[in-house]
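> build the 3D model from these lines:
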Amino acid sequence: MSRNIEISTKQQAREYVRRASLKTTPERFAAANRQIYTSCYSVLRQKNINSLFIYVSRENEVDTHMLIKYFLKDKIKVYVPKVIGDNEMVAARLTTWDSLITGRYGLREPKSFEDVAVEIDMVIAPGLAFTIEGVRLGQGLGYYDRWLTEHSYADTIGLAYEHQILSALPTSRYDVNVAEIITEKRRIVCTSANL
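Next up, the predicted model:
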C-alpha cells in the first residue's frame, strides 16, 4: 500500500523516506532484502536477459550485491554506473566483484571503463521513493534521468522497500519513470511508465 502523505517538494519526500528508514530495524531490512532479491531474480530469469545495468547498493538502498554476484557467475553481461566528468554517468562493464573501487560520492564502481554498454536488456535503477505510476525520486543529481533519456532501449525496474512507495511525488519534465517496481511485498507493473 502506498503511503498517502502530503509532500510538495522533492526535498520533503527525501526527508520523509530517510526518517522512515531510521525507524526500520536491521533485521527487517535484511528480511526485506532477501525477499526483494528472490522476487527480482525470478523476474530477471523469466525475462531471459543477456545484459543488465544495475546500481551497486550502499547503506539504506535495497541491496543489489547478491544479484550482481549471481549474474556475474551466470555469464550475464553486468554493467554498473561509473561517474565521469562533472555530470556524466556511463554503464561500465563489471567482470569481477573484486574489481570495484570507491569512486566519486563514495559509490563503488569499476576501476576502468574500457567496455561501455551499447545495448542493455534491463536496467535496475535506484531511488529514494517511487509511486505506483512509476515516478522515481533519485538523490537529486540527475545522473539516472539523463542516462535513461539517452538510452531508452532497456526495460527499467526500480527496487524499493514498501516505505518508499508513496501515493504522489513532485516531478519535473526531466524525470524518467520506471516500468516496474519490486518491493519485499509485491511486484508493481507501473501504470504510466514513459520508457
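
> next, count neighbours for residue 189.
By other CB atoms under 10 Å, 10 other residues sit near residue 189. Where you see a C-beta, it was placed from the backbone N, CA and C, and this is true even at glycine.

> if you could redo that for residue 104, that was the one I meant.
Quick note: residue 104 (other CB under 10 Å) scores 12 neighbours.

> could you do residue 42 as well?
12.

> all numbers from here: first residue = 34
Yes, from this point I'll number from 34; that puts the last item at residue 75.

> where does it fall, helix, sheet strand or coil?
helix (DSSP: H, G, I helix; E, B strand; the rest coil).

> from residue 100, how far out is it?
11 Å (CB to CB, to the nearest Å).

> what's near enough to touch the closest residue to residue 96 other than its chain neighbours?
What sits nearest to residue 96 in space, not counting adjacent residues and going by CB to CB, 6 or more residues apart in numbering, is residue 66, at 4.2 Å. Taking CB atoms under 8 Å, 6 or more residues apart in numbering, we find residue 66 in contact with 95, 96, 99, 217.

> switch to 10 Å and redo it
Taking CB atoms under 10 Å, 6 or more residues apart in numbering, we find residue 66 in contact with 90, 94, 95, 96, 97, 98, 99, 192, 194, 217.

> least confident pick among these?
Across the contacts of residue 66, the smallest pLDDT goes to residue 94, namely 91.

> just for this structure, where's the confidence low?
Within the chain, the stretches with pLDDT under 70 are 34-39, 147-148, 150, 173, 186, 225-228.

> swap in 50 and give it another go.
Low-confidence segments of the chain (pLDDT under 50): 226-228.

> what are the boundaries of the strands in it?
84-87, 110-117, 121-127, 133-135, 141-143, 155-158, 162-163, 169-170, 188-192, 213-215, 220-222 (DSSP state E).

> quick one: these as a markdown table, columns for distance to residue 104 too.
Listed next are those as a markdown table, based on distance: least, CB to CB, whole Å:
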| stretch | distance to residue 104 |
| --- | --- |
| strand 84-87 | 6 |
| strand 110-117 | 5 |
| strand 121-127 | 10 |
| strand 133-135 | 15 |
| strand 141-143 | 15 |
| strand 155-158 | 10 |
| strand 162-163 | 23 |
| strand 169-170 | 22 |
| strand 188-192 | 14 |
| strand 213-215 | 15 |
| strand 220-222 | 19 |
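
> which stretch among the ones you listed comes nearest residue 54?
strand 162-163 (10.7 Å; CB to CB).

> tell me which strands and helices that closest one is in contact with?
With contacts taken as 3 or more CB pairs under 10 Å, 6 or more residues apart in numbering; DSSP states H and E, strand 162-163 sits against helix 43-55, strand 169-170, strand 188-192.
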